[in-house]
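J.: below is the structure, and that's it, no one-letter string:
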């Protein structure tokens, strides 16, 4: 299954359904299930912007998971304009049906789309990962 690495706190916002778009410099024709991997980086400026300018509650950095598969979405589009307040472009990946995994799965990230076995994702959705 395809995976995309995203910095925190953005990855958390996606899997809990608060942010259903992701801004990227590259377009994609991919549509379908997409696992969200929380990278090892924290976007301090992004967290400040979310709190101060958008009124979004952002838990502290210590309350976030890093370096792990944290959930999944359905990627349903890639557009240049979108009404979401999180959409800045130039390529806006559009998501639906966010699902947070009951337990995160430690994993090393990568640039662009990368892959994990489908069975691993099925187990994660059932909370079977230890």
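T.: That came through fine. Quick caveat: nothing in here was measured; it's all calculated off a predicted structure. Residues are numbered from 1 along each chain as shown.

J.: select the longest strand from the protein.
T.: Counting residues, the longest strand found in the chain (DSSP state E) is strand 91-106.

J.: only the buried residues of the helix or strand bottoming out on mean pLDDT in the chain, if you could.
T.: When each helix and strand of the chain is scored by mean pLDDT, DSSP states H and E, helix 118-125 comes last, with a mean of 88. Buried positions in helix 118-125, judged by neighbour count with 16 or more other C-beta atoms under 10 Å: 120, 121, 123, 124. Yep, even glycine has a C-beta here, placed from its N, CA and C like the rest.

J.: quick revisit: buried set for the longest strand of the chain?
T.: Going by 16+ other C-beta under 10 Å, strand 91-106 has these buried residues: 92, 93, 94, 95, 98, 99, 100, 101, 103, 104, 105.

J.: which members of those residues are the farthest-apart pair?
T.: Pairwise distances across these (C-beta to C-beta) peak at 29.8 Å, for the pair 92 and 103.

J.: which residues of the protein fall in strands?
T.: Here the chain has its strands, by DSSP E, at 2-8, 21-24, 32-42, 68-79, 91-106, 113-115.

J.: out of those, which is closest to residue 62?
T.: Comparing the strands of the chain under C-beta to C-beta, the one sitting nearest is strand 32-42, at 10.0 Å.

J.: OK, contacts around residue 18?
T.: residue 56 (C-beta atoms under 8 Å, 6 or more residues apart in numbering).

J.: and the contacts of the longest helix seen in the chain?
T.: The helix that spans the most residues within the chain, counting by DSSP state H, is helix 44-53. Helix 44-53 is contacted from outside by 7, 9, 10, 13, 56, 57, 58, 61, using C-beta under 8 Å, 6+ apart.

J.: likewise for stretch 3-11?
T.: With contacts defined as C-beta under 8 Å, 6+ apart, stretch 3-11 is touched by 14, 19, 22, 34-39, 41-43, 46-47, 50, 58-59, 61, 64-66, 69-70, 93, 107, 109-116.
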